[in-house]
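# give me the fold of what follows.
(2 chains)
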Amino acid sequence: MTTTRQQVLVLYLDTSALDSKVVGWARYDGTGSTRPTTGDSDEPPYETGVGALEDGWRLFQAAPLVPPYPGAEHTTSFLKHEFFFEKLVAQ
Amino acid sequence: MPTTQQLLSSVEVARFTAHGFLRLDGVVPPEMNEEALELFAAGTLPAVPYGTPVQKAFPEGSFARRLLGLPAVAGALESLVGPDPAVDHHFVHTRLPHEGSAQPLHADALIDVRADAFDVQLMYYPQEVTAGMGGTLVVPGSHLRRTNESDTGRYQNLRGQTRLTCPAGTVLLLHHGIWHGGRRNDSDTVRHMYKIRFNPSVPQVRLWDTRDADSPAVLEELRRTFPWYEQATARLEIHNRILLWRALSADPGFDVDHWATRITNRPAAPASPRSTA
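Modelled structure (predicted):
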């Protein structure tokens, strides 16, 4: 019986626009065939978020734009522009 | 800690302020590296209670005391954390051959919101670290971000990250807030890294050789951005860096490209002239 598994790609972009450049990335493989991990590559898989769409990844979540909390306008913390993509792979 | 003349310059401290770390390649002599490998393999480092002064934590003649007494190490540490810091803790991190998991990207300890002080972490590599051995991953310019411990574990790779490879005897000095992690060891070699965290015991103000304090190169270091910064937050990073440099240099008017000055500008309103009509 054929089943499907999810491969997940997370891209962190330069701005909130999907066609801005990739500044960070992570991959998770539900097929178990690869084990991506921390610090395993220096070059992003795509130059922009749209580049992932063009390669068949399906976007399913983008980070909302959240106003800064009063008093914390100059604080830096997590990367803001996080986009989740998936591919469904037959197994 | 012995006094040394090998203090850092203003440009080097500005580089530390921007990057969040300083790299001293091959500063530990080969005979000490060999000694360290035996010591670390034996796992006999003495326990040190949190907050113990260096002289008490590491007796005269001990390996750690000699490591901290090397002129390049002593001078850099004194420039950043001052004389007579306390040893917060020390630990040997060992990564076995083909150990299949990497540490998630993290900052050590709790979120640290001090704007005018910082701890320094020393990382010492007694052997050559090759790409296959998976040295420490460090994210330049991440140290002023307020994130808690391994909450950054979701980020596997960031543009401009540093995947350490280095000659034997290399020492890194890191701001306590830096995002880092031990990478997976894909080699046949056991890899050791010895870490000591220091708490300052004096104000961290102009502890370095300040003769080049007015050099344009200081400004160039402090306005540096990194490839993983988002466009908008890069400006916030520079703003926060300005505030740290004001504290370190005791110069409350210091600025980079007017960033801090323009958003604190509060011209006093002139008194309204009284009508004489």
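
# tell me the residues of chain A that contact chain B?
A:10, A:12-15, A:20, A:22-27, A:35-42, A:44, A:74-81 (Cβ under 8 Å from any Cβ of the partner chain). Bear in mind the C-beta positions are built from the backbone N, C-alpha and C, glycine included.

# name the SS class of B:A76, please.
At B:A76, secondary structure determined by DSSP: H, G, I helix; E, B strand; the rest coil is helix.

# so it is in contact with B:R15, correct?
No - using Cβ atoms under 8 Å, B:A76 makes no contact with B:R15, being 11.5 Å away.

# mind checking which of the two has more residues around it?
A direct count of neighbours by other Cβ atoms under 10 Å in any protein chain shown for B:A76 and B:R15 places B:A76 higher, at 26 against 21.

# ok, that one to chain A distance?
For B:A76, the distance to chain A (Cβ to the nearest Cβ, to the nearest Å) stands at 25 Å.

# now intersect the residues of chain A next to chain B with the strands, please.
A:10, A:12-13, A:22-27 (DSSP state E).

# show me where pLDDT drops low in chain B?
Residue ranges of chain B with pLDDT under 70: B:1-5, B:273-277.

# up against chain A, what does it have?
For chain B, the contact set with chain A under Cβ under 8 Å from any Cβ comprises B:100-105, B:134, B:137, B:144-147, B:151-159, B:161, B:163, B:181, B:183-184, B:227-233, B:236-237, B:239-240.

# just to revisit the earlier point, so what's in contact with B:A76 and B:R15 at the same time?
Shared contacts of B:A76 and B:R15 (Cβ atoms under 8 Å, 6 or more residues apart in numbering or on different chains): B:L22.

# burial count for residue 61?
Using chain A. Residues near A:Q61, counting by other Cβ under 10 Å, number 11.

# hm, I was asking about chain B
For B:G61, the neighbour count with other Cβ under 10 Å is 7.

# how about B:M193?
For B:M193, using other Cβ under 10 Å, the count is 21.

# list the contacts of it.
Taking Cβ under 8 Å, 6+ apart, we find B:M193 in contact with B:92-95, B:123-125, B:135-136, B:182.

# and the nearest residue to it once chain neighbours are set aside, its phi and psi?
Counting by Cβ to Cβ, 6 or more residues apart in numbering or on different chains, B:M193 lies nearest to B:H93, which is 4.6 Å off, once chain neighbours are set aside. Note on B:H93: its backbone torsions stand at phi -90, psi 130 [degrees, to the nearest 10].

# what about B:H93, how many residues nearby?
Neighbourhood size, B:H93 [other Cβ under 10 Å]: 14.

# where does the stretch 151-277 of chain B get nearest to chain A, residue-wise?
B:Q156 (3.9 Å; Cβ to the nearest Cβ).

# do you know how far B:H180 is from B:A107?
As judged by Cβ to Cβ, to the nearest Å, B:H180 and B:A107 stand 8 Å apart.

# so B:T233 touches A:T75, yeah?
No - B:T233 is beyond contact range of A:T75, at 9.8 Å (criterion: Cβ under 8 Å).
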